[in-house]
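Just need the structure, nothing else, for what follows:
(one chain, ligands or ions: 1)
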Amino acid sequence: MRKGTYFPDKPAAVWVSSDRLTDGVVRSLTMILRTYGCRRCRDGQGCMMCGFIRDSAPTHPSPDDLVAQFEAAMVRRPEGRFMVKIFTSGSFPDAAEMPPAAGLEILRRLDADPDVVKVLIETRPEFVTSEAMADCRQVIHKKLEVAIGVETSNDRIRLDCINKGFLFEGFVRASRVAHQHDVTVKAYLLLKPPFLSEGVAIRDIVRSARDVSPYAETISINLCNVQNGTFVEKLLRRGDYRPPWLWSAVSVLRQAKTENPDMIVTSDPVGAGSRHGPHNCGKCDSEVADAINRFSISQDLGDLRVSCDCEELWQKAVELEDVSYGAPLVH
Ligand SMILES: [Zn+2]
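As a prediction, this is how the structure comes out:
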């Protein structure tokens, strides 16, 4: 965890934004609860680009502390009806990370809150068991969604480039279990983990969107951004990694939405425009990031109509990196 004062009853972060659902746009309250952290990462098997363990608690917070974190976050609620997204930077249904006494109490309170229209919890697929989903469904009867970082449908890329440690069939199984309990699925895909050329990364996510579409109502395309203290940061410093171009994100969103018109396809270009985040030439970054944000809410491909001279350079990089063994040609 980061140095500094640690309050076990305060969440790591809280913010209000908007989310596109199948039946319209809703305000959302996102909270990152500070748990002891992702079990797999604690076991020394962290993902190559994930630095969230630095935000985790130094010891297990008590169930009361975790419920207090939740209540502290709920104070920031937007006006009217809203959706609640709970991230732990790990897995909410993992009893070792989120004790059921806390997790189920939080869901019970959300169920009783008439302004909350939907709840999203984040998890690895192995924790989406029939028992865990049935326990959740005992206490929450409104819209519930599990968000799973499947990252790609390609097992080689997920295992070797991300170190995620599960197979696509694990995601498919989790999706089936969730749906049996009337729980919807949001799939996170990761554009451009390390060791892939820009073109391979684009094709991987277009293919993945197609592959996850029977199993997820929503996909969210995360654009790899480089967090401090991660393996990918070392690659970046050595010049062996470049975060994805925003043009690649535009291209992937366009293709994925065109191929899967009924699926909600979103992306939040976190860190856009910085050297550590997805970027183009520097001049057009904020305009293209805005277009991606607008599209994520509207689902209207017209919102992705943006242009800049650097689009040609991007196209060349995509073509040429396929023959440069993945070494980035333009930083
Ligand atoms: Zn540009």
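
rest of the way, CA atoms for contacts and neighbours
Will do.

And the contacts of whatever helix or strand Met83 lives in?
In this assignment (DSSP states H and E), Met83 forms part of strand 82-87. With CA atoms under 8 Å, 6 or more residues apart in numbering as the test, strand 82-87 has contacts from 26-33, 92, 115-122.

Counting neighbours, which of the residues you listed end up buried?
Applying a neighbour-count criterion of 16 or more other CA atoms under 10 Å, the buried members of those are 26-33, 92, 116-122.

So for the chain, which residue is the most central one in space?
In the chain, the C-alpha closest to the average C-alpha coordinate belongs to Tyr188, at a distance of 4.9 Å (CA atoms, centre = their mean).

give me the beta-bridge partners of that residue?
On the basis of DSSP bridges, Tyr188 is bridged to Ser220.

My read is that it contacts Val146, right?
No - under the criterion of CA atoms under 8 Å, Tyr188 is not in contact with Val146, lying 10.6 Å apart.

Please tell me how far the residue in the stretch 51-200 of the chain that the ion sits nearest to sits from Val150.
Relative to the ion, the nearest point of the stretch 51-200 of the chain is Glu198 (16.5 Å; CA to the ion). Using CA to CA, to the nearest Å, one gets 20 Å for the distance from Glu198 to Val150.

Please apply the same query to Lys234.
Counting by CA to CA, the gap from Lys234 to Val150 is 24 Å.

quick one, which of the two is more surrounded?
Between Lys234 and Val150, counted using other CA atoms under 10 Å, the more crowded position is Val150 (25 against 14).

CA atoms only for the worst-scoring helix or strand of the chain on mean pLDDT, dumped as PDB, please.
Taking mean pLDDT, DSSP states H and E as the measure, the chain has helix 39-42 as its least confident helix or strand, at a mean of 83. These are the backbone C-alpha positions of helix 39-42, laid out as PDB (Å, rounded to 0.1, in the frame of the first residue of the first chain):
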ATOM      1  CA  ARG A  39      -6.000 -12.600  -3.600                       C
ATOM      2  CA  ARG A  40      -4.100 -13.600  -6.800                       C
ATOM      3  CA  CYS A  41      -2.000 -10.500  -6.600                       C
ATOM      4  CA  ARG A  42      -1.300 -11.100  -2.800                       C
END
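
what's it in contact with?
Gly46, Cys47, Ile53, Gly90, Ala96, Glu97.

let's see 7 Å
For helix 39-42, the external contacting residues (CA atoms under 7 Å, 6 or more residues apart in numbering) are Gly46.

and that helix, how far from the chain's centre?
Averaging C-alpha positions (CA atoms, centre = their mean, to the nearest Å) puts helix 39-42 18 Å from its chain's average.

what does this protein have sitting close to the ion?
By CA under 5 Å from the ion, the part of the chain that sits against the ion consists of Cys281, Cys284, Cys308, Cys310.

quick one on the thing from earlier: for the nearest residue to the residue of the stretch 51-200 of the chain closest to the ion once chain neighbours are set aside, what is the enclosing helix or strand?
Counting by CA to CA, 6 or more residues apart in numbering, Glu198 lies nearest to Val318, which is 5.4 Å off, once chain neighbours are set aside. If you go by DSSP H and E, Val318 is part of helix 310-321.

Going by neighbour count, which residues in stretch 304-316 are buried?
For stretch 304-316, by 16+ other CA under 10 Å, it's Leu304, Glu311, Trp314.

The first one contacts Asn293, correct?
In other words, Leu304. No - contact status for Leu304 versus Asn293: not in contact, 9.4 Å apart, counting by CA atoms under 7 Å.

Could you list which residues are in contact with Asp240?
Contact partners of Asp240, counting by CA under 7 Å, 6+ apart, are Ala327, Pro328.

and Trp15, that one's in a strand?
Yes - when classified by DSSP: H, G, I helix; E, B strand; the rest coil, Trp15 is found to be part of a strand.

on that earlier part again, what angle do strand 82-87 and whatever helix or strand comes next after the strand holding Met83 make with each other?
With elements assigned by DSSP H and E, the helix or strand that comes after strand 82-87 is helix 100-112. Helix 100-112 and strand 82-87 are oriented at 160 degrees to each other (axes from the mean of the first three to the mean of the last three CA atoms, to 10 degrees).

what angle separates the next helix or strand after helix 100-112 from strand 82-87?
Per DSSP H and E, helix 100-112 leads on to strand 116-123 as the next helix or strand towards the C-terminus. Calculated by the same axes, to 10 degrees, strand 116-123 forms an angle of 10 degrees with strand 82-87.

for the record, mean pLDDT for strand 116-123?
For strand 116-123, the mean pLDDT works out to 97.

Which residues does it contact?
Contacts with strand 116-123, where a contact means CA under 7 Å, 6+ apart, come from 81-87, 90-93, 110, 142-148.

Helices of the stretch 101-250 of the chain, residue ranges please.
With helices called from DSSP state H, counting those that start in this stretch, the stretch 101-250 of the chain shows them at 130-139, 155-156, 168-180, 198-212, 231-238, 246-259.

In the longest one, which residues are buried?
By neighbour count, and taking 16+ other CA under 10 Å as the criterion, the buried residues in helix 198-212 are 198-209, 212.
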